[in-house]
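*Asks:* Next comes the sequence, and after it the predicted model I'd like to discuss.
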Amino acid sequence: MIFPLWRGFERLYRQWVDELAAHDVAAVVIVDRRSFTEAQWRNRRFLDALRRWARLFPDVVCWFIGNEPDMEEGDSSSRQTRRDFQKLCRNARTVLPDAYLIAGALAFVKPSYVDGLQDVVNAFGVNIYGQRPAEDFPEPGWGFANVWDLLAMFPEHVPIVVKEMCGRTAEVADEHQRAEYFSRMFVVLAKLGVELAGVYCLRGGPEVREYAIAETESFAAFVGAAPEVNVAPELAAARFGVWNGVSIQRRYQSLEEVHAAVQELNPYPERWAPEWLVKAGEAGTWQLAWDSHPLAISGPEDLRALYERGQEIGLLVTPYVIVRGRAEWNAGEWAQIAACAEITGRVVLNLEDGPRYWNGPTRAWALAAEYLAPLRERLPAGAQLELCAIPRNHVVHSLGGPAAIAAWLSLCTSCSWECYDAIAPDLDVAASMERVAGWFNLAGVALRPEYFIPLVQRSRIGDWAPTIYAAHGLQVWHLDGD
């Protein structure tokens with residue numbers, strides 16, 4: 001698995017490397033401009049940052065040095081850019097004397113960029129977008145050139161690594177032709193002696209959706225062409241959680257009908273376990289006080305009946321509670337959360353700002369002492385709480401900032417984020433998760449994958465389900481609309 005090393009995501013990358021190793025999959029990392037501070041990059045002071053990355057990842061063997069360096073700073077013929085790239089490669093060899101270093105990958109495939117590096121790096125990297133694996137495939141004149149002519153530009157004795165090849169669906173007739181393209185290309189590259197070849201990309205946000213190969217025939221072609229590749233399985237605990245909404249719609253008269261509706265939305269029913277997130281209540285009051293639907297929860301026994309029936313039909317029923325934190329309500333609120341956890345083992349705490357939502361302490365120390373500690377004392381052993389919040393700066397600030405979020409996560413085992421970008425562009429999943437990672441870094445919170453679960457609107461399931469952001473599951477608001 002190939003991924004870049006960008007500042008600010010160190011803990012997340014460490015988690016990725018460890019998870020891949022547990023599944024016998026090698027991590028291949030990329031050091032590029034975003035691996036350095038602006039001052040380090042501008043002044044070409046690469047050594048300190050390289051030493052830092054080497055200390056963080058002593059178990060990573062294979063490193064790409066630069067990512068399309070011939071496109072840096074807008075001028076592909078810039079001698080200064082070329083000199084900077086070569087200095088970066090030489091500095092990397094100084095810091096990583098035993099690593100397998102790959103110079104590039106180059107975008108325009110100008111061998112002058114790697115002149116003089118034959119004794120510095122182990123291989124030269126190249127991206128082969130728009131290259132043909134055969135003279136007439138996908139069709140005569142398709143793309144830019146034949147891949148063998150491109151690679152012939154490099155000296156014969158220098159190993160070549162292909163970091164990325166074209167996976168853009170718009171450039172081929174259909175998915176079947178794309179799969180055939182990959183299969184043919186891998187065979188040709190193997191015959192040409194290419195040491196390693198990769199595809200861009202497995203998953204990604206909406207802006208690169210047309211490149212993603214996860215869950216496609218192209219993925220099968222990739223694995224079929226390289227049978228020795230071990231692909232890490234998805235976590236068994238991944239869930240597809242659908243929130244009920246403000247109230248339960250009358251169209252659902254049974255839990256079986258809810259189950260069918262959830263599964264109808266589930267894009268990967270063979271991989272994601274279906275989950276129905278149903279409101280238990282708030283401030284110690286159960287949901288039946290506001291919702292007269294027969295499935296509305298009036299207390300622990302109602303929840304138990306729903307949960308047990310869900311287990312019988314294959315639907316995980318998970319209660320959520322809107323946490324209020326008002327002193328006069330806390331005893332009832334804590335008891336309600338504990339009762340839910342006793343039955344289902346998992347409860348989602350919906351934390352939002354404003355007078356109709358969180359009224360409790362926001363300073364981290366007060367939150368921990370006055371609210372979280374008493375709640376912890378009441379929880380049954382093994383209870384799993386999930387925090388659900390809105391990933392906006394002003395919301396997190398009003399709730400006490402990153403330190404308060406860290407206090408909540410001292411009690412919670414997972415965290416979901418309301419990324420409603422269908423109505424609010426600033427809640428785009430990718431941008432939101434980057435903000436979340438920034439808050440966690442400030443608060444010293446480990447960047448665990450289970451802390452980055454996206455909660456998206458129903459209309460956006462197709463956009464975000466195939467992406468890396470949903471690798472550990474996805475949640476949806478809500479069962480009947482956005």
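*Replies:* Everything's here; your move. None of these values were measured; they are calculated from a predicted model.
*Asks:* Which secondary structure state is assigned to the nearest residue to L96 once chain neighbours are set aside?
*Replies:* Once flanking residues are discounted, L96 sits nearest to A54: 5.7 Å by Cβ to Cβ, 6 or more residues apart in numbering. The way it works is simple: take the backbone N, C-alpha and C, and place the C-beta from them, glycine included. Following DSSP: H, G, I helix; E, B strand; the rest coil, we place A54 in the helix state.
*Asks:* okay, the residue lying farthest from the centre of the chain: pLDDT?
*Replies:* Residue farthest from the centre of the chain, counting by Cα atoms, centre = their mean, is E328 at 39.7 Å. As predicted, E328 sits at a pLDDT of 97.
*Asks:* just the one 3 residues further on next, same as before
*Replies:* At A331, the predicted lDDT confidence score is 97.
*Asks:* Thought G284 was touching it, still the case?
*Replies:* Yes: if you go by Cβ atoms under 8 Å, A331 and G284 touch, sitting 7.2 Å apart.
*Asks:* who has more neighbours, those two?
*Replies:* More neighbours surround G284 than the other of A331 and G284, with 17 against 12 (other Cβ atoms under 10 Å).
*Asks:* Surely that one touches A335?
*Replies:* Yes: contact criterion Cβ under 8 Å: G284 and A335 qualify, at 6.5 Å.
*Asks:* residue contacts, I343?
*Replies:* 300, 303-304, 307 (Cβ atoms under 8 Å, 6 or more residues apart in numbering).
*Asks:* Check the secondary structure at L385 for me.
*Replies:* Following three-state DSSP, the label given to L385 is strand.
*Asks:* again with G382
*Replies:* Three-state call for G382 (three-state DSSP): coil.
*Asks:* just W148 next, same as before
*Replies:* Per three-state DSSP, the secondary structure class of W148 is helix.
*Asks:* That one contacts G193, doesn't it?
*Replies:* No: using Cβ under 8 Å, W148 makes no contact with G193, being 10.8 Å away.
*Asks:* any idea which helix or strand of this protein has the worst average confidence?
*Replies:* helix 217-225 (a mean of 68; mean pLDDT, DSSP states H and E).
*Asks:* following that helix, which helix or strand comes up?
*Replies:* strand 239-243 (DSSP states H and E).
*Asks:* among the contacts of I343, which are in helices?
*Replies:* 300, 303-304, 307 (DSSP state H).
*Asks:* In TSV: the residues you listed, plus neighbour count, distance to S254 and pLDDT.
*Replies:* TSV is the format used below for the ones in helices among the contacts of I343 (neighbours: other Cβ atoms under 10 Å; distance: Cβ to Cβ, whole Å; pLDDT from 0 to 100):
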residue	neighbour count	distance to S254	pLDDT
P300	16	21	97
L303	23	16	97
R304	17	17	96
Y307	21	15	95
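*Asks:* now, which of those residues sits nearest R93?
*Replies:* When those are compared for distance to R93 (Cβ to Cβ), Y307 wins out at 58.4 Å.
*Asks:* What's the separation between the closest one and D115?
*Replies:* 67 Å (Cβ to Cβ, to the nearest Å).
*Asks:* Also F36?
*Replies:* For F36 relative to D115 (Cβ to Cβ), the value is 24 Å.
*Asks:* now L196, which residues is it bridged with?
*Replies:* Counting by DSSP bridges, L196 forms beta bridges with V161.
*Asks:* In contact with it, which residues?
*Replies:* Per Cβ under 8 Å, 6+ apart, neighbours of L196: 28, 62, 123, 161-162.
*Asks:* Which residues belonging to the helix or strand harbouring A331 are considered buried?
*Replies:* Under the criterion of DSSP H and E, A331 resides in helix 330-344. Under the neighbour-count criterion of 16 or more other Cβ atoms under 10 Å, helix 330-344 has 330, 333-334, 336-344 buried.
*Asks:* Contacts for the helix or strand following that helix, please.
*Replies:* Toward the C-terminal end, the helix or strand that comes next after helix 330-344 (DSSP H and E) is strand 346-350. Here strand 346-350 makes contact (Cβ under 8 Å, 6+ apart) with 277, 280, 318-323, 337, 340-341, 383-388, 408, 412, 416.
*Asks:* hmm, try it at 7 Å
*Replies:* 277, 318-323, 337, 340-341, 384-388 (Cβ atoms under 7 Å, 6 or more residues apart in numbering).
*Asks:* quick revisit: F36 and D115: which is more packed in?
*Replies:* Between F36 and D115, counting by other Cβ under 10 Å, F36 is the more crowded of the two (23 against 11).
*Asks:* In contact with F46: list those residues for me.
*Replies:* 36, 40, 87-88, 91.
*Asks:* do that again at 6 Å, thanks
*Replies:* 88, 91 (Cβ atoms under 6 Å, 6 or more residues apart in numbering).
*Asks:* Just read off the phi/psi values of it.
*Replies:* With angles defined as degrees, to the nearest 10, F46 sits at phi -90, psi -30.
*Asks:* distance of it from P58?
*Replies:* For F46, the distance to P58 - Cβ to Cβ - is 19 Å.
*Asks:* again, but for E270
*Replies:* 38 Å.
*Asks:* Looking at those two, which one has more neighbours?
*Replies:* When E270 and P58 are compared for neighbours, P58 comes out ahead with 9 against 6, by other Cβ under 10 Å.
*Asks:* tell me the phi and psi of the more buried one?
*Replies:* phi -70, psi -20.
*Asks:* Next, the angle strand 346-350 makes with the longest strand along the chain.
*Replies:* If you go by DSSP state E, the chain has its longest strand at strand 273-282. Relative orientation of strand 273-282 versus strand 346-350 (axes from the mean of the first three to the mean of the last three Cα atoms, to 10 degrees): 60 degrees.
*Asks:* Who are the packing partners of strand 273-282?
*Replies:* Packing partners of strand 273-282 (3 or more Cβ pairs under 6 Å, 6 or more residues apart in numbering; DSSP states H and E): strand 239-243, helix 255-265, strand 316-322.
*Asks:* where exactly do the strands run in the stretch 101-250 of the chain?
*Replies:* 123-128, 131-132, 145-146, 160-165, 196-197, 239-243 (DSSP state E, counting those that start in this stretch).
*Asks:* closest to P111 out of these?
*Replies:* Of the strands of the stretch 101-250 of the chain, nearest to P111 by Cβ to Cβ is strand 123-128, at 8.1 Å.
*Asks:* what pairs with the closest one, and is each one parallel or antiparallel?
*Replies:* strand 100-106 (parallel), strand 160-165 (parallel).
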